[in-house]
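**Student:** from the sequence below, what's the structure:
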Amino acid sequence: MDLMNNEKIKVYMDLVCTQIKFKDIHGNIKEELIDHMDGIVEENMEKGFSLEESIDIGIKHMGDPYILGKELNKVHKPKPEWSILALTLIFTLIGISTIYILSSSGLIPGWSTYGIMKNSILMAIAGVGTIVVLYFFDYRKIKPFSKYLYIATSLLIIMGNIGGTENIFVRLGIFRVAMGRVLVFSTDLNYITPFLYAMALSGIFSEERWQKNKIISNLIILFLPIILTVAFQLSVVTPIIMYFTMVLALIYVSGGSIKYILGSIGAGAFVVVLSIFSQPHRIERVKNLLNPLRDPLGCGYMNVQLRKLISSASLLGNRMNIDKTEIPILDSPQMHTDFIFSSIIYAFGWLAGITIIVLSIVFFIRLIKTIKSIEDNYGRLLVATFSALFIIQFVYNILMILGVAPLAGISMPFISYGTTLNIVNMIMIGIISSVYRRKDIVNIDA
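**Tutor:** The predicted model follows:
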């Protein structure tokens, strides 16, 4: 029975929706009202009432549209996912505090305390602004461009590193902006491409993609980025680790069977092993992970120094005498970026390190719960793929510092210093917030 075009019902629904401020939910509200009204009308028509009489009875049964609208407005009032936002802020403040301690002790080469703190605070403010803007932005508007985004990202990998420093994009300053000798901005493809592919693939796989006639095209779509990364990107391990983690989450949440997940794990392991054994310095890196003392002044230097650093940390840290340390690694330019977790343990103690690990686990739990609460397939996949990128960054960075995983250019989200890293992570939090704001909306086109 089509009641949507009935004038009385249309007027009633419009009056209800005038009281609901969140306009994005209006379509779902009308569908719910029609379903409810349809049942009442059908029941009354079976009792012998005419269609018009049944509609009048149904409208009367539903009650005053203004009162109903106000009640629905309370129920459907959008709310941010405060725990994720709070944890993001906490991680950011931890990072800023650590950078201040390191810079004030003269341990960040090329930066004054004022300069790097100014940059860190401005990036934090820009990040918060980005989250706020994206919270109100309708993420569903991105979906129609998913295929084009996939193609553009693939082209970005091909063009981004051809010719190294002679690359036209680099020379034009699109990828790097420097003041004097200090690099203040760098669009690191290691972080950008997994993020862009996450958005593109979420849109592509939000539709039903796992029929038998689409398996080959699915495999091509999923594995082409790996081929391009190996062929064209200067740094391979970091983007492959991040990309494959994201793809596993995508396959699982989009309804792919276990054989595709296992196949992807096998293919990912093969590519990682191949990329390691194709370069002598990567082989040495793995050997040094297993036995750092085999070359303590060469390839194993960073592993040995990191172990010394965290093993010399007390429960509450060495913040007061950090500038008097005899461990030279603290002067490394990576101590406020990739290795900032070891700096935190040394400066603030193992208690701070354990606290970050616990907060990270809470962050993961909140992200996973958010995935389960989302009705829209596209939104669910966006949050799932972004969550996978966050989780692999936190987990791998922690394992790397603890000497369990090989050293790689994977930083700690929000805590590590880095323009590209922080902006990308803040954009992901902003889009997750946008999705959560509309978590109850089902299959409504923007």
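**Student:** now for the helix or strand containing residue 347, which elements pack on it?
**Tutor:** Using DSSP states H and E, residue 347 maps to helix 340-348. In terms of contacts (3 or more Cβ pairs under 8 Å, 6 or more residues apart in numbering; DSSP states H and E), helix 340-348 is packed against helix 82-104, helix 301-311, helix 350-373, helix 377-401. Every C-beta, even on glycine, is put in place using the N, C-alpha and C of the backbone.
**Student:** mean pLDDT lowest for which of those?
**Tutor:** Among these, helix 301-311 carries the lowest mean pLDDT, at a mean of 81.
**Student:** gap between that helix and the chain center?
**Tutor:** Taking Cα atoms, centre = their mean, to the nearest Å, the mean C-alpha location of helix 301-311 is offset from the chain mean by 30 Å.
**Student:** now for it, which elements pack on it?
**Tutor:** helix 340-348.
**Student:** what comes into contact with the helix it packs on?
**Tutor:** For helix 340-348, the external contacting residues (Cβ atoms under 8 Å, 6 or more residues apart in numbering) are 94-95, 98-99, 101-102, 306, 309-310, 312-313, 316-319, 322, 325, 327, 330, 335-336, 352-353, 356, 397-398, 401, 411-412, 415-417.
**Student:** re earlier: buried deepest among the helices and strands packed on helix 340-348, which one?
**Tutor:** Among the helices and strands packed on helix 340-348, judged by mean count of other Cβ atoms under 10 Å, the one packed with the most neighbours on average is helix 377-401 (a mean of 23).
**Student:** and the next element down the chain from that helix?
**Tutor:** In N-to-C order, the element after helix 377-401 by DSSP H and E is helix 419-437.
**Student:** so who does the most centrally placed residue in the chain touch?
**Tutor:** Most central in the chain under Cα atoms, centre = their mean is residue 386, positioned 3.0 Å from the mean C-alpha point. Residue 386 makes contact with 195, 198, 367, 428, 431-432 under the criterion Cβ under 8 Å, 6+ apart.
**Student:** which of these are buried, as a PyMOL select command?
**Tutor:** Here is the PyMOL selection string for the buried members of these, based on 16 or more other Cβ atoms under 10 Å:
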select buried, resi 195+198+367+428+431+432
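**Student:** return the member of the contacts of residue 386 nearest to residue 24.
**Tutor:** Taking Cβ to Cβ as the measure, residue 431 is the one of the contacts of residue 386 closest to residue 24, at 15.2 Å.
**Student:** from residue 40, how far out is the residue of the chain positioned farthest from its centre?
**Tutor:** Ranked by distance from the centre of the chain (Cα atoms, centre = their mean), the top residue is residue 48, with 57.1 Å. With distances taken as Cβ to Cβ, to the nearest Å, residue 48 is found 15 Å from residue 40.
**Student:** same deal with residue 270?
**Tutor:** Counting by Cβ to Cβ - residue 270 and residue 40 are separated by 60 Å.
**Student:** also residue 388?
**Tutor:** Counting by Cβ to Cβ, the separation of residue 388 from residue 40 is 45 Å.
**Student:** where does pLDDT dip in the stretch 151-300 of the chain?
**Tutor:** By pLDDT under 70, the low-scoring segments of the stretch 151-300 of the chain are 160-188, 234, 268, 272, 275-276, 279, 281-282, 284-286, 288-299.
**Student:** can you show me the strands along it?
**Tutor:** 176-179, 182-186 (DSSP state E, counting those that start in this stretch).
**Student:** just list the residues touching residue 309, thanks.
**Tutor:** Each residue near residue 309 by Cβ under 8 Å, 6+ apart is listed here: 327, 329-330, 342, 345-346.
**Student:** CSV please, covering those and showing neighbour count.
**Tutor:** Shown next, in CSV, are the contacts of residue 309 (neighbours: other Cβ atoms under 10 Å):
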residue, neighbour count
327, 14
329, 20
330, 22
342, 26
345, 26
346, 31
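**Student:** out of these, which is nearest to residue 78?
**Tutor:** For those, the nearest to residue 78 is residue 345 (39.1 Å; Cβ to Cβ).
**Student:** could you dump the contacts of residue 386 into a markdown table with distance to residue 263 added?
**Tutor:** Shown next, in a markdown table, are the contacts of residue 386 (distance: Cβ to Cβ, whole Å):
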| residue | distance to residue 263 |
| --- | --- |
| 195 | 24 |
| 198 | 20 |
| 367 | 25 |
| 428 | 27 |
| 431 | 29 |
| 432 | 28 |
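**Student:** which pair in the contacts of residue 386 spans the largest distance?
**Tutor:** Pairwise distances across the contacts of residue 386 (Cβ to Cβ) peak at 15.3 Å, for the pair 195 and 367.
**Student:** so where do the helices sit in the stretch 1-150 of the chain?
**Tutor:** Secondary structure of the stretch 1-150 of the chain (DSSP state H, counting those that start in this stretch): helices at 7-17, 26-46, 51-62, 65-75, 82-104, 113-136, 146-160.
**Student:** are there helices or strands packed against the third one, and which ones?
**Tutor:** This points to helix 51-62. helix 7-17, helix 26-46.
**Student:** before we move on, the earlier item: relative to residue 244, which of the helices of the stretch 1-150 of the chain is closest?
**Tutor:** Between those, helix 146-160 lies closest to residue 244; by Cβ to Cβ that is 15.3 Å.
**Student:** buried residues in that closest one?
**Tutor:** 146, 149-150, 153-154, 156-157, 160.
**Student:** swap in stretch 428-443?
**Tutor:** In stretch 428-443, counting by 16+ other Cβ under 10 Å, buried: 428-441.
**Student:** which pair in the residues you listed has the greatest spatial separation?
**Tutor:** Longest span within those, Cβ to Cβ: 428 and 440, 21.4 Å.
**Student:** now for residue 252, how many residues are close by?
**Tutor:** For residue 252, the count of nearby residues is 16 (other Cβ atoms under 10 Å).
**Student:** name the SS class of residue 314, please.
**Tutor:** coil (DSSP: H, G, I helix; E, B strand; the rest coil).
**Student:** tell me the contacts of the closest residue to it other than its chain neighbours?
**Tutor:** Leaving aside its chain neighbours, residue 314 sits nearest to residue 349 (5.7 Å; criterion: Cβ to Cβ, 6 or more residues apart in numbering). Each residue near residue 349 by Cβ under 8 Å, 6+ apart is listed here: 313-318.
**Student:** tell me how far residue 349 lies from residue 343.
**Tutor:** On the measure of Cβ to Cβ, residue 349 and residue 343 end up 12 Å apart.
**Student:** repeat for residue 332
**Tutor:** 10 Å.
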